[in-house]
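[1] need coordinates for the below:
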Amino acid sequence: MTERINIADELLRENLVRRGAQSAIYHGQSRITFLELAANTRQFGRFFLDLGLRRRDRIVIQLPDRPECIYAFLGGIQAGLWPILVNPELSHEARNHIVSDSGATALVTDRAQADAEACTTSLRLRLNIDDDQFRHGVRAASPELDPHLAHPDDIAFFLYSSGSTGHPKGVPHRHKDMLFCADSYGANVLKITERDRHFSASKLFFAYGLGNSLFLPFRFGASTVLFSDKPAPGDILRIIARHRPTIFFGVPALYSMLVKTLDDSAELDSLRLCVSAGEALPAAIVRDWQRLTGVEVLDGIGSTEALHIFISNFPGRIRPGSSGSVVPPYEATLASEGGSPVAPGQLGSLLIRGGSTAAYYWNQPTKTAQTMLQDGWLKTGDIYVEEDGYYAYQGREDDMFKVDARWVSPLQVEEVLRRHQAVRDCAVTWRKLEGLVRPMAFVIVNEGFAADSNLEKGLRLFAREKLPEHMCPVQIQFRETLPRTDTGKIQRFRLRQTGLGDAPKNVIEPGASTTTIHSATSKGKLMQVTSADILSVMKEAGIQQSLLNQLKPDVPLLNQGLDSIDLPAVAAATERRFHIDLSDADARELMTVNDYVRFLNRKLE
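    Down below sits the predicted model:
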């Protein structure tokens, strides 16, 4: 007969017996021992039951990383409830969707969220942990609570996916899932002991952060450092210096910022390992981090559906630019579009199998059928290449695209662009030009560089020197920021949606010719577009001057030495210069220089 368990009790019981006086949680000036953690957890669980909550009731916990978040989460599980951790900065609309979708009966918040309305028929209790009545109720609750024992495959808690392309999806996880993650990744990769102290920049409501700050350290008697706010690089360095963690968990965007801000005063000597997940960590950052700190950073991939990391680099055998190798006892395979295994070195969709993968999405049977496959395989939605047992991330399935029947990995193009000294960050996606899919890059420029047509041309030439022609961006847009999820992943689908929509129409771009469009100071007086303007645009698009000198205005450009790859670049440069959007139908009609002249003079009337 299968032993019945309660995962909260599993994580606390042995620590209470063996390490009761040792520190479990550091938060600001506070230090909570394992004895205090266990007692507070039981009181929270008993208080929930005293309020009339019943087994399997869903409780949404919308709290920052603070001890009470852990007490509510583990206390709810001990009481047999199904807690759901959500982002405290979630919009009211998104939070209400989760409350409604899960059928939650209670919402646990703090003062920052207490006044937010929750419009759902299922919700019966709204609990503010900063409220005196709540605090008194918890203190008055009995510290005695027998854990609700369940089958290891029974639901213990929910997480909600980030919802990067729509509403978040509910992911129920079982009592055994945390143990499987800890005993695989925690034991085999990190080799956690009770001497370790964890600090995670990723928050508890993420699967990655939940493992980093809760079930990985508590499984092995280690302690955790909590920080309630969103940490900036200065916060991270200050916390590491003060609390001296041995393992730091971050995301690529944060490591990139840290690499640029580190100096000799940084006190990082307590660290024995660093971990990165959430998005692929560029090889250059892996090397720069180890050079600057002397500490290895282990890049890996996990997911909400799998709860934590299942492919990772290992200490002492890191391959920069790869997600590493499979963490035993997980299994992984790469499948073609038709579902058959692919050969080493070939692109494939990553499938994984292991004891922590969720069996289904909550209220999402169609999505469940697409993702949770037969024989326990989980389709991650990631495209990888495997060689020598190492898996190199190529992008999400919905981010990959084909140009002239050949695959383009945005990640590969971004890696190249980031090597340019002017590029602080970038993202690559696609748009249609003349009816054809072409790469497009969005770039954040480093200080000291001008975001102008000369830099764009330089970046395009830089890419052409290092990439196959079909991967080279035909268009580059400069931006102040890039859209990201809460986990730091770039939302390329939002960039595809915006296209060039950020630029105001009929306002001269810095560096653009003042003879081409309505000037912002010309009170609407229209200046005529000429063939010289079009030749100037073509030069910005990278067309050689020797070719421009020979162009005839009424002869098709393709008959005068331009390649088909040049036409999308010319169309893109035209859009930038004149702040217009060219439809596919428009682009197909623009075959000569005079076609451009006539079209633009009509468009700008």
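[2] pretty sure Glu14 contacts Gly221?
    Yes - using C-beta atoms under 8 Å, Glu14 is in contact with Gly221, at 7.5 Å. Every C-beta, even on glycine, is put in place using the N, C-alpha and C of the backbone.
[3] tell me the spacing between Glu144 and Gly45.
    Glu144 sits 10 Å away from Gly45, taking C-beta to C-beta, to the nearest Å as the criterion.
[4] more crowded one of Glu14 and Gly221?
    Gly221 (18 against 15; other C-beta atoms under 10 Å).
[5] ok, the more buried one - contacts?
    Residues counted as contacts of Gly221 (C-beta atoms under 8 Å, 6 or more residues apart in numbering) are Glu14, Asn15, Arg18, Arg19, Gln22, Phe34, Thr193, Glu194.
[6] which of the residues you listed are buried?
    By neighbour count, with 16 or more other C-beta atoms under 10 Å, those hold Asn15, Arg19, Phe34 as buried.
[7] in helices, which of those residues fall?
    Those of these mapping onto helices are Asn15, Arg19, Phe34, per DSSP state H.
[8] and the pLDDT for the last one?
    In this case it means Phe34. Phe34 carries a pLDDT value of 98.
[9] surely it touches Glu14?
    No - between Phe34 and Glu14 there is no contact under C-beta under 8 Å: 9.4 Å.
[10] ranges for the strands of the stretch 1-150 of the chain?
    With strands called from DSSP state E, counting those that start in this stretch, the stretch 1-150 of the chain shows them at 23-27, 30-33, 58-61, 82-85, 106-109, 125-128.
[11] each with direction, which strands does the longest one pair with?
    Looking at strand 23-27 with DSSP bridges, its paired strands and their directions are strand 30-33 (antiparallel), strand 223-226 (parallel).
[12] and the angle from the helix or strand where Ile240 lies to strand 23-27?
    Using DSSP states H and E, the element containing Ile240 is helix 233-243. Using axes from the mean of the first three to the mean of the last three C-alpha atoms, to 10 degrees, the direction of helix 233-243 lies 140 degrees away from that of strand 23-27.
[13] who touches the following helix or strand past helix 233-243?
    Using DSSP H and E, the next helix or strand after helix 233-243 towards the C-terminus is strand 247-250. Residues outside strand 247-250 that contact it (C-beta under 8 Å, 6+ apart) are 190, 192, 196-202, 208-209, 212, 236, 240, 258, 271-277.
[14] make it 6 Å
    Outside strand 247-250, the residues that touch it by C-beta atoms under 6 Å, 6 or more residues apart in numbering are Asp196, His198, Phe199, Ser200, Ala201, Asn212, Leu271, Leu273, Cys274, Val275, Ser276.
[15] isn't the fifth one right up against Leu254?
    Yes - counting by C-beta atoms under 6 Å, Ala201 does reach Leu254; the two are 5.5 Å apart.
[16] what about this structure, any weak spots by pLDDT?
    Residues of the chain that meet the criterion pLDDT under 70 lie in 1-2, 114-121, 162-166, 486-488, 498-527, 563-566, 579, 581, 583-588, 604-605.
[17] ok, back up a step: so which of the strands paired with strand 23-27 is nearest His151?
    Nearest to His151 among these is strand 223-226; the distance by C-beta to C-beta comes to 28.2 Å.
[18] could you list the residues in contact with the closest one?
    Strand 223-226 has contacts (C-beta under 6 Å, 6+ apart) with 23-27, 65, 197-199, 213, 217, 243, 245.
[19] let's have those in a markdown table, adding distance to Ile84 and neighbour count.
    What follows is the contacts of strand 223-226, written out as a markdown table (distance: C-beta to C-beta, whole Å; neighbours: other C-beta atoms under 10 Å):
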| residue | distance to Ile84 | neighbour count |
| --- | --- | --- |
| Ser23 | 28 | 18 |
| Ala24 | 23 | 25 |
| Ile25 | 21 | 25 |
| Tyr26 | 25 | 23 |
| His27 | 22 | 19 |
| Asp65 | 16 | 24 |
| Arg197 | 28 | 20 |
| His198 | 23 | 25 |
| Phe199 | 25 | 26 |
| Ser213 | 17 | 26 |
| Pro217 | 22 | 29 |
| His243 | 29 | 19 |
| Pro245 | 28 | 24 |
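[20] which among these gets closest to Ala450?
    Phe199 (38.8 Å).
[21] list every C-alpha atom in the helix or strand containing the closest one, with coordinates, as PDB.
    For Phe199, the element it lies in under DSSP H and E is strand 197-200. Output of strand 197-200 as PDB, limited to C-alpha atoms (Å, rounded to 0.1, in the frame of the first residue of the first chain):
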ATOM      1  CA  ARG A 197      21.900  29.400   2.300                       C
ATOM      2  CA  HIS A 198      19.800  30.300  -0.800                       C
ATOM      3  CA  PHE A 199      19.000  33.700  -2.200                       C
ATOM      4  CA  SER A 200      16.700  33.900  -5.200                       C
END
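[22] report all helices and strands that it contacts.
    Secondary-structure packing of strand 197-200 (3 or more C-beta pairs under 6 Å, 6 or more residues apart in numbering; DSSP states H and E): strand 223-226, strand 247-250.
[23] and the next helix or strand past the last one?
    The C-terminal neighbour of strand 247-250 among helices and strands, as given by DSSP H and E, is helix 252-261.
[24] that following helix: how far from the chain's middle?
    How far helix 252-261 lies from its chain's middle: 15 Å, per C-alpha atoms, centre = their mean, to the nearest Å.
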